[in-house]
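Engineer: Sequence below, structure please.
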Amino acid sequence: MSEPWQKFRVGTPSADSKWTEPSCQSLRSIAHVAHVPSALRIVEDRRLRADLVFDESKLNKQRIRVVWLSPNDWGNAGGFRYGNVRFHFDWSTIVKGMRSYWVESIAYSTPACRILLSDTDYSSVLDPYDPTVGDGPWWLSSTGEHYWNGNYCLEVMLEGDIDLRRATTLDFVKHHPNRCNIDYHTCRYKGIDAQPGGAEFVAAAVSRGISLELPGLVEVVDQSLKPSWAIEGAVGRLLRHCDRIGGNCSGKVEHVDPAAPALARAVLASMGNPDIAKDLEKLAAQFKSSDDLQFAVADAVAASVGLPDGSTFLDD
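Structural biologist: I've put the predicted structure just below:
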């Protein structure tokens with residue numbers, strides 16, 4: 001009797017090093033994507049908290065708490081319905097020591113294959129899935145390489161929380177303009193591109209005093225600490241906004257003043273919260289000049305991500 005996962009079987013690896021067969025893609029990284037408010041809770045908690053399954057899944061009546069992960073990149077399909085903030089994890093460490101079970105396939109426009117990873121034995125309620133057989137959407141080859149069938153949506157349900165220290169990096173993605181996993185009728189992030197979504201996240205996190213010292217956000221380049229391209233892009237957008245309103249700066253606060261960091265965080269709070277966006281110009285005007293405003297904001301972000309100062313964000 002055929003297994004339910006066999007129609008999603010991984011294909012054959014490409015013999016051409018310049019071409020990746022869509023049905024047989026290397027599975028090295030997997031990610032969790034979240035809306036900005038959820039992402040802020042994640043970095044504040046320093047973990048991705050597992051939750052019960054509520055959709056049409058067969059697990060919606062079980063007390064199994066999971067974190068959803070996927071290798072799919074929906075950038076060329078209009079965007080992600082899960083939000084703007086993406087946390088990446090190394091697949092080999094996520095799956096290490098875990099049992100795997102086939103949960104189901106869901107008949108979305110792109111069928112979704114769901115696999116549960118757990119250190120608990122659920123063989124009495126779910127079919128064990130052996131990736132070494134190579135007859136499903138995830139294959140572990142005899143050489144130790146992991147592959148997945150990119151023609152489908154692979155949804156991995158990992159039981160238990162994930163410590164944020166296990167993340168390899170964080171970046172930003174576009175939210176789909178019409179689809180949302182929370183509520184497409186009311187979601188205000190629909191259609192928001194990666195950079196503005198990232199800018200709001202960074203502004204809100206820094207304004208709340210949340211540390212963004214996460215793996216991959218700062219890297220060593222030529223013996224110097226540099227921000228990742230994702231953080232640099234988000235901060236660049238914030239600084240351009242500061243530059244546009246900088247003409248209103250007529251106050252007394254210079255970026256070296258003791259009050260500058262607190263005022264910069266207040267400015268960022270108004271950038272990261274649409275409900276108080278009206279406060280932005282009044283707060284920014286307390287700085288002596290546009291340069292002071294931008295230096296103070298850059299320094300505030302740098303302190304949050306673990307850079308010595310904000311000069312790297314201001315270099316042309």
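Engineer: List the buried residues in the helix or strand harbouring Lys226.
Structural biologist: If you go by DSSP states H and E, Lys226 is part of strand 224-227. Going by neighbour count (16 or more other CB atoms under 10 Å), the buried part of strand 224-227 is Pro227. All C-beta atoms are positioned from the backbone trio N, CA, C, and that covers glycine.
Engineer: Tell me which strands that strand pairs with, and in which orientation.
Structural biologist: Each strand that pairs with strand 224-227, with its direction, by DSSP bridges: strand 218-221 (antiparallel).
Engineer: same question for the partner strand, mean pLDDT?
Structural biologist: In this model, strand 218-221 carries a mean pLDDT of 87.
Engineer: Return the set of buried residues in it.
Structural biologist: For strand 218-221, the neighbour count (16+ other CB under 10 Å) marks Val218 as buried.
Engineer: Restricting to C-alpha, output that strand in PDB.
Structural biologist: Coordinates of each C-alpha in strand 218-221 appear next as PDB, following Å, rounded to 0.1, in the frame of the first residue of the first chain:
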ATOM      1  CA  VAL A 218      26.600  41.700  13.100                       C
ATOM      2  CA  GLU A 219      29.500  40.200  11.300                       C
ATOM      3  CA  VAL A 220      33.200  40.700  11.300                       C
ATOM      4  CA  VAL A 221      34.500  42.100   7.900                       C
END
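Engineer: pLDDT below threshold where in this protein?
Structural biologist: Where the chain drops to pLDDT under 70, the residues are 1, 316.
Engineer: which residues does the residue nearest the centre of it bridge with?
Structural biologist: Nearest to the mean C-alpha position of the chain, counting by CA atoms, centre = their mean, stands Arg86 at 1.1 Å. Arg86 has the following beta-bridge partners by DSSP bridges: Val33, Asp171.
Engineer: circling back to that earlier point, after the strand holding Lys226, next one along is what?
Structural biologist: Note on strand 224-227: by DSSP H and E, the next helix or strand toward the C-terminus is helix 229-245.
Engineer: Contacts for the following helix or strand past that next one, please.
Structural biologist: Toward the C-terminus, helix 229-245 is succeeded by helix 260-272 as the next helix or strand (DSSP H and E). Outside helix 260-272, the residues within contact range by CB atoms under 8 Å, 6 or more residues apart in numbering are 199-209, 238, 241-242, 253-254, 276-280, 283-284, 286-287, 292-293, 296-297, 299-301, 303.
Engineer: Can you give me the buried ones in the host helix or strand of Phe313?
Structural biologist: Taking DSSP H and E as the criterion, Phe313 maps to helix 311-314. Counting neighbours by 16+ other CB under 10 Å, one finds that the buried residues in helix 311-314 are Thr312, Phe313, Leu314.
Engineer: now the residues you listed as CSV including distance to Gly144?
Structural biologist: Compiled in CSV, these are given as follows (distance: CB to CB, whole Å):
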residue, distance to Gly144
Thr312, 38
Phe313, 41
Leu314, 45
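Engineer: which among these gets closest to Met157?
Structural biologist: Lowest distance from Met157 to the buried residues of helix 311-314 (CB to CB) belongs to Phe313, with 38.0 Å.
Engineer: what are the C-alpha coordinates of the helix holding Phe313, in CSV please?
Structural biologist: Output of helix 311-314 as CSV, limited to C-alpha atoms (Å, rounded to 0.1, in the frame of the first residue of the first chain):
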residue,chain,number,x,y,z
SER,A,311,28.9,55.5,12.3
THR,A,312,28.7,52.4,10.2
PHE,A,313,25.1,53.3,9.4
LEU,A,314,26.0,56.8,8.3
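Engineer: would you say Ser304 is within a helix?
Structural biologist: Yes. Counting by DSSP: H, G, I helix; E, B strand; the rest coil, Ser304 is located in a helix.
Engineer: distance of it from Ala203?
Structural biologist: According to CB to CB, to the nearest Å, Ser304 stands 10 Å off from Ala203.
Engineer: out of the two, which sits in the more crowded spot?
Structural biologist: Taking Ser304 and Ala203 together and counting by other CB atoms under 10 Å, Ala203 has the greater number of neighbours (27 against 23).
Engineer: which SS class is that one?
Structural biologist: The three-state label given to Ala203 by three-state DSSP is helix.
Engineer: Please name the residues that touch it.
Structural biologist: With contacts taken as CB under 8 Å, 6+ apart, Ala203 has the following neighbours: Leu238, Leu268, Ala269, Met271, Gly272.
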